[in-house]
Structures are given as structure tokens and as C-alpha cells.
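Asks: got a sequence here, can you model it:
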Amino acid sequence: MEKYGIDLDDYTARAIGSLCRAGKEYWLLGHFGAALLSGIRLLENDNLPPPAARALAERLRKTVAADPARYEPAESNAAVDPSVACMPITERIESHIGGLHESGHGTIFAVSALRVFFERPEFATPSNVDSICGLIESAVDAARDRYFGLDAKSEIAAASKKASSSAQTPWPDLIVAVAKEFDCLYPDAEIDGHRYFFTGEKYHSLTHLHALIQLDKLGYTSLAQNGVPLIRAQIRLTRQQPPGDPVPRKLEPGSAEVADYWKITGDPWHDIKFAEAVVDLLPLVPADRRSGVAHLLAKAFGALSVGH
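Replies: Here you go, the predicted structure:
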């Protein structure tokens, strides 16, 4: 399928190829393939007005052209039963999903690949599946240095345990709870030689939640529910503030539906995945709460437009 001058089938193969390559290298590089997949879905599903879609398509073209080796197409073979072929991936997710490893990146990236494997089973080859398993396994750090004032592994574990003691919450309520955290955003800051993502970490709460809901839609409901306590932990952990008397950021609201959002961005990775998450999750929020959530998410888009 071609849209806005992009062969979406070719780009899907390239995005999966990029995720698989990251699985052989390091989890952080999974951002490239996952962001490309999110961009493809936004175009494929007509989630953006035409001017914004054209701007996003141009962004994707330039991104792939600038580093073609990073986006070598994935191998494919005869179609298989993805629920069987992907069992090693879901088993890795099961062992991974109970801890806040690298803020949920392993789950986020793995679910991006799983969605494609279920839609395009010819990509669920043993080699590609092994690579995605490697991607999960390389994102196993406890994320202990991501939150200012909460560096010890024991504190991360305590936050997760506290979250797991609460009753499971319906997806719409979790979406609202995560969105509320965007009401107060502090700039990312370097403290004692380490950079903390006071704004940036909040995005991961929503994209992590998006991954869990997509996992649920694929039929892995109990597995998705196992990750719910970690969303609660992320909500708590991202409330950390810079030392002293920090001043919350004053931001102009932004929107992925505006072409300029895709032309001038302070974040080349997270803005696309965040936009896809918002497009997918906002309709799940009850109509009487949706405008309030959309207002809060507009602040997040504003921060992405100018950088953390």
C-alpha cells in the first residue's frame, strides 16, 4: 500500500528489520524501528489530517534515507501461525513484564514487533523472533538511575510492590491517571553529573500503557494485566521533582494534527510513538472525561515540540 508517496509495506519490512537489528545490538536502538512502525500506522489508518500526514511522511522518508543500513528490510518466509511462532517472545515478555526494566522499553518494543507478526505472519521467522527476544533481554536493567532521589534497586522494587498491592484498574481509568501526570512538567535536568528525564519519563508511562493494551487486544489479556502494577509504579516514580524550588514548565499546547509538529521537533524518537499512543488510547476514555484528558495531553505534545 502506498500513501503520501511511501510504500508502507516496504517501510514495515524496514521497521521490523531495524527492531531485529537492535535485538542483536542494544535495546536503546529499538527506538528507531518502533518509531517508524508508529509512523506507518498513523498514515495507514488515516489518523492525521492530510497536511500533517504529508509532513510525517516526509519525516519518515528523510529518516530512512539518512541511515539506510539501520533500516535494512527484515527477512520473510512462508506465513506461519503467529501465536505459535511468537511463543518465545511472549514467554520473554512474561518474565520481563513484572519489573520496571528500563521503564518498560522491552515490552514496548516487543509488542510493536508482535503486532506486525500477527498482521504479517511471514515476518515471524525463527531468526526475527530470536532477535526480538534479544531486544527484550537487553532491556533488563532495573531503571534505578532514571528517577531522581530513587536510585536504589530496592526503592524501585518497593514502588512496584506497593503498586501490586492495589486492585487492578480498568484501562480507561489508567489512561486518565497517566494523563493527569502531564499537568505538572519540570524540565529535564543534569544533577551531579547525571541527566534525569523529569518530563521525558512521563511519556514512557503512556507508551508503556499503550503496549499493554495492545497486548490485551492481541489476546494476551492476563499477560497484559501483569504489567498494570508497573504503570502504577511509573505514575508514582515520575512525580519526582528537581531539587530546590523547581518551577513547572510553561508550555504552549501542541498537537500531532498540525503539520509543523512533524517539521520542528525536539525529540526524534518519542514524538511519533507518543502520537500513536494518544490516537489509540484517547477514544477509550469515556466521552465525559475525554476533553480534560485531551487538554493534558496537549501539554505533552507542546513539550515534545520544543524538547524536554
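
Asks: least trustworthy helix or strand in this protein by mean pLDDT?
Replies: helix 153-164 (a mean of 65; mean pLDDT, DSSP states H and E).

Asks: how about the very next helix or strand once past that helix: buried residues?
Replies: Remark: after helix 153-164, the chain's next helix or strand is helix 171-180, criterion DSSP states H and E. For helix 171-180, a neighbour-count test (16 or more other CB atoms under 10 Å) marks 171-172, 174-176, 178-179 as buried. All C-beta spots, glycine's among them, are computed from the backbone N, C-alpha and C.

Asks: next, D7: phi, psi?
Replies: The phi/psi pair for D7 (degrees, to the nearest 10) reads phi -80, psi 100.

Asks: can you tell me how far the closest residue to it other than its chain neighbours is from L56?
Replies: Excluding its sequence neighbours, the residue lying closest to D7 (CB to CB, 6 or more residues apart in numbering) is M1, at 7.7 Å. In this view, M1 and L56 are 16 Å apart by CB to CB, to the nearest Å.

Asks: more neighbours, the two?
Replies: Neighbour count, other CB atoms under 10 Å: between M1 and L56, L56 has more, with 27 against 11.

Asks: quick one, what contacts the residue nearest to D7?
Replies: M1 makes contacts with 7-9, 44, as judged by CB atoms under 8 Å, 6 or more residues apart in numbering.

Asks: most neighbours, which of the residues you listed?
Replies: The most crowded member of these is L8, carrying 19 neighbours; neighbours defined as other CB under 10 Å.

Asks: which non-adjacent residue is nearest that residue?
Replies: M1 (4.8 Å).

Asks: before we move on, what about F198?
Replies: Closest to F198 by CB to CB, 6+ apart is Y186, at 4.1 Å.

Asks: kindly reformat the buried residues of helix 171-180 as CSV containing pLDDT and distance to D81.
Replies: Below are those laid out as CSV (pLDDT from 0 to 100; distance: CB to CB, whole Å):
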residue, pLDDT, distance to D81
W171, 97, 27
P172, 97, 32
L174, 96, 31
I175, 97, 32
V176, 97, 37
V178, 97, 34
A179, 97, 37
